[in-house]
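Undergrad: Build the 3D model from these lines:
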Amino acid sequence: MKGLYFGLFLLLVLPVAANAQNSKLSSSPPAGPVQPADEIRSLTRALAGTWSTTEKYEPLFLTPNGGTGAGVQIFRPGPGGFTLLENYHTKTTGGELFGFGLLWWDHGKGLQHMWCINVYPTGCEMFPPPPQAGPKWDGKQLVIHIEQEQQGKKMNWHEVITDITPKSYTQTIDIGDSPDHMQRWLTMHSKKVSDAGTKSVGR
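TA: Sure thing, here's the model as predicted:
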């Protein structure tokens with residue numbers, strides 16, 4: 001009889017214990033919040049800050065006679081550090097420019113980019129990376145390649161931020177009707193003015 005009672009005990013008690021354990025597991029707190037991608041953290045560490053710019057323009061595009069410019073470029077992390085924001089203001093031979101950029105990391109598509117500037121009729125444009133192009137960050141330089149149409153003509157825009165140090169970097173822009181026919185339009189040298197705004201804004 002003892003064996004029968006013990007068998008009935010197992011049949012009655014074990015399912016209850018299992019259900020209690022499952023309930024405990026299901027009520028456990030969810031995993032912690034998603035953290036910013038390492039790529040965005042690395043890019044932000046490299047560029048965050050306020051920079052003064054000196055610019056040289058070749059006789060091309062918005063500056064048919066060439067010229068120079070001087071301005072301010074500010075990179076700062078967005079809320080939670082998930083994005084890198086850029087504010088740009090410069091006075092050039094071709095006119096005054098006001099720009100805003102947004103970079104973020106998409107775990108399915110990689111680095112993504114949107115740019116707004118006062119010479120765009122649409123105000124802002126988002127640039128999904130075409131094959132073998134688009135924004136790329138290798139820890140040493142940022143490359144942004146854009147293929148678009150302007151005034152009915154195909155245009156390639158190749159921008160590189162390189163020679164990055166804690167105090168300076170160089171930025172170049174080449175443009176052309178195809179990746180094989182590009183010309184230098186802009187060479188810009190930037191020097192850090194301040195580290196203000198380099199910390200992530202709280203969520």
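Undergrad: Is the closest residue to A37 other than its chain neighbours bridged to anything, and to what?
TA: With Cβ to Cβ, 6 or more residues apart in numbering as the criterion, A37 has its nearest non-adjacent residue at 3.8 Å, and that residue is W105. From N, CA and C alone the C-beta is placed, and that goes for glycine too. W105 forms beta bridges with L111, as assigned by DSSP bridges.
Undergrad: Tell me, how many residues neighbour W105?
TA: For W105, the neighbour count with other Cβ atoms under 10 Å is 20.
Undergrad: ok, it to W137 distance?
TA: Applying Cβ to Cβ, to the nearest Å, one obtains 9 Å for the distance of W105 from W137.
Undergrad: Which neighbours do those two have in common?
TA: Listed as contacting both W105 and W137 by Cβ atoms under 8 Å, 6 or more residues apart in numbering are 39, 111.
Undergrad: thinking again about what came up before, ok, the residue nearest to A37 - contacts?
TA: Applying Cβ under 8 Å, 6+ apart, the residues near W105 are 36-37, 39-40, 82, 111-112.
Undergrad: Looks like L102 contacts T83 (just checking).
TA: Yes: here L102 reaches T83: they are 5.9 Å apart, a contact under Cβ atoms under 8 Å.
Undergrad: Of these two, which one has the most company?
TA: Neighbours were tallied for L102 and for T83 using other Cβ under 10 Å; the higher tally belongs to T83 (19 against 16).
Undergrad: That one contacts L43, correct?
TA: No: taking contact to mean Cβ under 8 Å, the distance of 10.2 Å between T83 and L43 leaves them out of contact.
Undergrad: which residues are common contacts for these two?
TA: Taking Cβ under 8 Å, 6+ apart as the criterion, T83 and L43 both touch L103.
Undergrad: Redo the contacts of W105 as JSON lines? Include pLDDT and neighbour count.
TA: Supplementary listing: those in JSON lines, determined by pLDDT from 0 to 100; neighbours: other Cβ atoms under 10 Å:
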{"residue": "P36", "pLDDT": "94", "neighbour count": "18"}
{"residue": "A37", "pLDDT": "94", "neighbour count": "17"}
{"residue": "E39", "pLDDT": "94", "neighbour count": "17"}
{"residue": "I40", "pLDDT": "96", "neighbour count": "20"}
{"residue": "F82", "pLDDT": "96", "neighbour count": "18"}
{"residue": "L111", "pLDDT": "92", "neighbour count": "21"}
{"residue": "Q112", "pLDDT": "92", "neighbour count": "17"}
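Undergrad: E147 and S178, how far apart?
TA: Looking at E147 against S178, where the rule is Cβ to Cβ, the gap reads 9 Å.
Undergrad: Counting neighbours, which bits of the helix or strand hosting H89 end up buried?
TA: Assigning secondary structure by DSSP states H and E places H89 in strand 83-92. Using 16 or more other Cβ atoms under 10 Å as the burial criterion, the residues of strand 83-92 that qualify are 83-86, 88, 90, 92.
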